[in-house]
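>>> what follows is a predicted protein model with its sequence.
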Amino acid sequence: MNRIIKFIILDILKNKIVLAYTILLAAFSWSAFSLEDGSTKGVLTILNIILLIVPLVSILFATIYIYNSSEFIELLLSQPIHRNKIWLSLFIGLSISLLSAFLIAAGIPLILFAESLVGFMMIVVGCLISTVFIAIAFLSSILSRDKAKGIGISILLWLYFALLFDGLVLFLLFQFSDYPIEKMMVGITASSPIDLARILILLHLNVSAMMGYSGAIFKDFFGSNLGLFIAFMLLICWILFPFLLSLKIFNKKDL
Amino acid sequence: MIELINVSKKFGRLSVLNNINLLFEEGQCVALIGPNGCGKTTLIKSILGMVLPDGGDIIFKEKNIKNDFEYRKNIGYMPQIGRYPENMSIGQVIEMIKNIRQSNNNIDEDLLNQFQLNQMFYKQMRTLSGGTTQKVSATLAFLFNPDVLILDEPTAGLDPLSSEILKEKILKEKQNGKLILITSHLLSELDELVSHLIFMQEGKINFYQSIETLKRETGEDKISKVISKILKQQN
């Protein structure tokens, strides 16, 4: 399996897009910290990058890469290799490449400039979010043989999680502002990996005071060790569930 | 060596394989023929585990292939249309497969040398013509000295010279006691090669006989004539 992973990583390196992504992300991160005076502002800028660009690049690159690997998958299938291994190698290969890009580009400035706890949280959350969207990419590309449709599904999912979901939550908050729905909001947050990540970081940035009453409830929940643990577990579920589902479909697929 | 028991497969409503029962033994060279879309490739892909049958069992050397993958070590497969990663060169593809298989069997580079692929190791897969791609497929199928060779339309797209090289190689491996499965529409090419004939129609086995029996029964000595005579009799 290691040999297949090595081939995939070398192939991705040859492709140079991940390299360009690393450079762009690094440029963003370094300039965020050198332009803003306080490190908190820099962290907030990077947070927005993590929450918008990292998921977008992860999901799009992974989806297209899986479709382009169809020949590679077919070639391996007639060899004595278990199907699980092929799919898992693709996942690990893609994850290692995109995570290293993130760690090199955003990780180094975060360690250098941000407060150690916040910086560490950002790195962990960034890695998790990246992997979540790679896992979602695996699911959307196995759902359809049609490349355009698969990539379309990926873009729509990204739009939903990155932009639409927030709007929906705001809408709910306004519509039901007369009712005590704050606790319910904690539950709703769990259904979007990006929001989960955002709240995890904001709570550690000492800006949660600006989030009002619901912020206090979030702090109550996500600020405690148990809340932190549950949030991380939820993010890991967001990786495992789409990926394992795609693995199950892949194992039953005719090629 | 390979046994198929009640294998069926449906694609949606279309029934592609319909209760197929077959037994292949070592040393046989079996031709799988039939009209387009009769399920030949699906049958082959089921044996390879690329298509998963809806019902029935496929037994390879006394072991059910369901949830197994090790048995593919013993199979060399040449697809009808070989699809390879486009940005890899011929050399890289062959190296990669060698690397992945890590086979202990001695490596058989006869075809590699005879097709003179060494001289174009640097060529990218996407730049290759259909015939050259077929040569790469053939080389990969024979490379690891497998006990079973599954060749889907092996000579389609090859020039006469290369086609002759491949046929000689198939004959040689047949004499080494390997099981060889061939699908082809070029019946004249099969004459010198095959020992058994399977005729498939609409997902069913119409007949499965040794060539000698067929020739004796029909009194013909060309495969094409044998088949047309049998089909006439059936009508």
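Okay, I see it.

>>> in the stretch 101-250 of chain A, where is pLDDT below threshold?
Residues of the stretch 101-250 of chain A meeting the criterion pLDDT under 70: A:206-215.

>>> closest point of the stretch 151-255 of chain A to chain B, which residue?
Closest approach between the stretch 151-255 of chain A and chain B, counting by CB to the nearest CB: residue A:254, at 4.4 Å. Backbone N, C-alpha and C define where each C-beta goes, glycine included.

>>> which parts of chain B sit against chain A?
Chain B comes close to chain A at residues B:11, B:45, B:48-52, B:69-73, B:75, B:77, B:79, B:83-87, B:93, B:96-97, B:99-101, as judged by CB under 8 Å from any CB of the partner chain.

>>> out of those residues, which are inside helices?
B:45, B:48, B:93, B:96, B:97, B:99, B:100, B:101 (DSSP state H).

>>> rewinding a little: can you flag the buried ones in the residues of chain B next to chain A?
B:45, B:48-51, B:69, B:71-73, B:75, B:77, B:79, B:84-85, B:93, B:96-97, B:100-101 (16 or more other CB atoms under 10 Å in any protein chain shown).

>>> mind listing what's buried along the helix of greatest length in chain B?
Criterion DSSP H: the longest helix present in chain B is helix B:160-175. Buried residues in helix B:160-175, counted by 16+ other CB under 10 Å: B:162, B:163, B:165, B:166, B:167, B:169, B:170, B:173, B:174.

>>> would you mind putting these into JSON lines with pLDDT and distance to residue A:67 alongside?
Supplementary listing: those in JSON lines, determined by pLDDT from 0 to 100; distance: CB to CB, whole Å:
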{"residue": "B:162", "pLDDT": "91", "distance to residue A:67": "32"}
{"residue": "B:163", "pLDDT": "90", "distance to residue A:67": "34"}
{"residue": "B:165", "pLDDT": "91", "distance to residue A:67": "36"}
{"residue": "B:166", "pLDDT": "91", "distance to residue A:67": "32"}
{"residue": "B:167", "pLDDT": "91", "distance to residue A:67": "37"}
{"residue": "B:169", "pLDDT": "91", "distance to residue A:67": "35"}
{"residue": "B:170", "pLDDT": "91", "distance to residue A:67": "35"}
{"residue": "B:173", "pLDDT": "90", "distance to residue A:67": "36"}
{"residue": "B:174", "pLDDT": "89", "distance to residue A:67": "40"}
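
>>> following the helix or strand of chain B with the lowest mean pLDDT in sequence, what is the next regular element?
Sorting the helices and strands of chain B by mean pLDDT, DSSP states H and E puts helix B:187-190 at the bottom, at a mean of 80. Following helix B:187-190 in sequence order, the next helix or strand is strand B:196-201 (DSSP states H and E).

>>> can you pull out the strands in chain B?
Ranges of strands in chain B, per DSSP state E, are B:2-11, B:14-24, B:29-33, B:55-60, B:63-64, B:75-78, B:148-152, B:179-183, B:196-201, B:204-210.

>>> now those in a markdown table, with mean pLDDT and distance to residue A:166?
A markdown table is the format used below for those (pLDDT from 0 to 100; distance: least, CB to CB, whole Å):
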| stretch | mean pLDDT | distance to residue A:166 |
| --- | --- | --- |
| strand B:2-11 | 90 | 42 |
| strand B:14-24 | 90 | 46 |
| strand B:29-33 | 91 | 58 |
| strand B:55-60 | 90 | 49 |
| strand B:63-64 | 88 | 52 |
| strand B:75-78 | 92 | 50 |
| strand B:148-152 | 92 | 52 |
| strand B:179-183 | 92 | 56 |
| strand B:196-201 | 90 | 58 |
| strand B:204-210 | 88 | 58 |
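
>>> take the ones you listed and write them to TSV, including distance to residue A:95.
Putting the strands of chain B into TSV (distance: least, CB to CB, whole Å) gives the following:
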stretch	distance to residue A:95
strand B:2-11	33
strand B:14-24	37
strand B:29-33	42
strand B:55-60	34
strand B:63-64	34
strand B:75-78	30
strand B:148-152	35
strand B:179-183	39
strand B:196-201	44
strand B:204-210	46
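
>>> to residue B:137, which of these lies closest?
strand B:75-78 (4.6 Å; CB to CB).

>>> and for that closest one, what are the contacting residues?
A:78, B:44, B:47-48, B:134, B:137-138, B:140-144, B:146-152, B:154 (CB atoms under 8 Å, 6 or more residues apart in numbering or on different chains).

>>> swap in stretch B:176-183?
B:1-2, B:24-33, B:40-41, B:44, B:47, B:80, B:146-154, B:170, B:173-174, B:190, B:193-194.

>>> how about stretch A:48-60?
Outside of stretch A:48-60, the residues within contact range by CB under 8 Å, 6+ apart are A:21, A:25, A:28-29, A:32, A:98, A:102, A:106, A:122, A:125-126, A:129-134, A:136-137, A:140, A:151, A:154-155, A:157-158, A:161-162, A:194, A:197-198.

>>> just the buried ones out of the residues you listed, please.
Neighbour counting with 16+ other CB under 10 Å marks A:21, A:25, A:28-29, A:32, A:98, A:102, A:106, A:122, A:125-126, A:129-134, A:136-137, A:140, A:151, A:154, A:157-158, A:161-162, A:194, A:197-198 as buried within those.

>>> checking the closest residue in space to residue A:107 that isn't next to it in sequence next. Helix, strand or coil?
Sequence neighbours aside, residue A:123 is the residue nearest to residue A:107 in space, at 5.1 Å (criterion: CB to CB, 6 or more residues apart in numbering or on different chains). Following DSSP: H, G, I helix; E, B strand; the rest coil, residue A:123 is assigned to helix.

>>> ok, residue A:123 - how many residues close by?
Neighbour count of residue A:123, defined by other CB atoms under 10 Å in any protein chain shown: 19.

>>> check residue B:201 too.
Per other CB under 10 Å, the neighbour tally for residue B:201 reads 15.

>>> what residues does chain A put near chain B?
A:3-4, A:7, A:11, A:14, A:69-72, A:74-83, A:252, A:254-255.

>>> try it again with 10 Å
Within chain A, the positions near chain B by CB under 10 Å from any CB of the partner chain are A:1, A:3-4, A:6-7, A:10-11, A:14-15, A:68-86, A:251-255.

>>> list buried residues within those.
A:4, A:7, A:11, A:69, A:71-83, A:86, A:253.

>>> buried ones in stretch A:174-186, by neighbour count?
In stretch A:174-186, counting by 16+ other CB under 10 Å, buried: A:182, A:185, A:186.

>>> so which of the residues you listed are in helices?
Counting by DSSP H, these contribute A:182, A:185, A:186 to helices.

>>> could you check how far the first one is from residue A:20?
Counting by CB to CB, to the nearest Å, the gap from residue A:182 to residue A:20 is 43 Å.

>>> kindly report the same for residue A:49.
From residue A:49 to residue A:20 the distance is 15 Å (CB to CB).

>>> same deal with residue B:214?
From residue B:214 across to residue A:20, the span is 63 Å (CB to CB).

>>> of the two, who's got more company?
residue B:214 (19 against 11).

>>> with adjacent residues omitted, what lies nearest to the more buried one?
residue B:226 (5.1 Å).

>>> ok, residue B:98 - how many residues close by?
Residues near residue B:98, counting by other CB under 10 Å: 14.

>>> wait, doesn't it sit right on residue B:144?
Yes. Between residue B:98 and residue B:144 there is a contact under CB atoms under 10 Å: 8.3 Å.

>>> which neighbours do those two share?
residue B:107 (CB atoms under 10 Å, 6 or more residues apart in numbering or on different chains).

>>> please consider this matter closed, and thank you.
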